[in-house]
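K.L.:
Pasted the sequence and its predicted model underneath.
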Amino acid sequence: MSRSVFETPAALSIYRSLKPELETPVTDRSSIDIYAEGSSLYLTVHSEDLVGMRSTLNTWLRLIQVAYETAACLE
């Protein structure tokens, strides 16, 4: 299991933009939990193996980055 916390005033906006992505798993070997609380965005990856963990983390970190940059453009 890997847990990441991102501190940003846009946490709720990022969560809302990523929520539909939870319906489509990156791989069958891992799962994601994501939620926002205040100015924190929490991402937890559950995986049975390192390859699945790395693949899922890479995908979700990129999605969070794009959502953050988009939110910054809208301010």
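P.N.:
Alright, I've got the coordinates.
K.L.:
helix or strand for the residue nearest the centre of the chain, which one?
P.N.:
For the chain, the residue sitting closest to the mean C-alpha position, by CA atoms, centre = their mean, is Trp60 at 4.6 Å. Here Trp60 sits within helix 50-74, counting by DSSP states H and E.
K.L.:
Which strands or helices does that helix pack on?
P.N.:
strand 2-7, helix 11-18, strand 30-37, strand 40-47 (3 or more CB pairs under 8 Å, 6 or more residues apart in numbering; DSSP states H and E). C-beta here means a position set from N, CA and C on the backbone, and glycine is covered the same way.
K.L.:
which other residues reach it?
P.N.:
2, 4, 6, 8, 10, 13-14, 17-18, 21, 26-27, 29-30, 32, 34, 41, 43, 45, 47 (CB atoms under 8 Å, 6 or more residues apart in numbering).
K.L.:
Could you pull out the buried residues of it?
P.N.:
Gly52, Met53, Ser55, Thr56, Leu57, Thr59, Trp60, Leu63, Ile64, Ala67, Tyr68, Ala71 (16 or more other CB atoms under 10 Å).
K.L.:
Using TSV, lay out these together with pLDDT.
P.N.:
What follows is these, written out as TSV (pLDDT from 0 to 100):
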residue	pLDDT
Gly52	90
Met53	93
Ser55	90
Thr56	92
Leu57	93
Thr59	93
Trp60	95
Leu63	96
Ile64	97
Ala67	95
Tyr68	95
Ala71	84
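K.L.:
Now the two most distant members of those.
P.N.:
Gly52 and Ala71 (28.3 Å; CB to CB).
K.L.:
so the helix holding Trp60 versus strand 2-7, what angle?
P.N.:
10 degrees (axes from the mean of the first three to the mean of the last three CA atoms, to 10 degrees).
K.L.:
Centre of the chain to helix 50-74, how far?
P.N.:
Chain-centre distance of helix 50-74: 6 Å, with CA atoms, centre = their mean, to the nearest Å.
K.L.:
Also stretch 27-44?
P.N.:
For stretch 27-44 - counting by CA atoms, centre = their mean - the centre lies 5 Å from the chain centre.
K.L.:
Using CSV, write out every CA atom in that stretch.
P.N.:
C-alpha atoms of stretch 27-44 as CSV (Å, rounded to 0.1, in the frame of the first residue of the first chain):
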residue,chain,number,x,y,z
THR,A,27,-4.8,-2.4,-14.0
ASP,A,28,-6.5,-5.4,-12.5
ARG,A,29,-3.6,-5.7,-10.1
SER,A,30,-4.2,-2.5,-8.1
SER,A,31,-7.0,-0.3,-6.7
ILE,A,32,-7.2,3.3,-5.8
ASP,A,33,-8.9,5.3,-2.9
ILE,A,34,-8.9,9.1,-3.3
TYR,A,35,-10.6,11.7,-1.2
ALA,A,36,-10.3,15.4,-0.3
GLU,A,37,-10.5,16.9,3.2
GLY,A,38,-10.0,20.6,3.5
SER,A,39,-6.9,21.6,1.5
SER,A,40,-5.6,18.0,1.4
LEU,A,41,-6.0,15.4,-1.3
TYR,A,42,-5.4,11.8,-0.2
LEU,A,43,-4.4,9.1,-2.7
THR,A,44,-4.0,5.5,-1.6
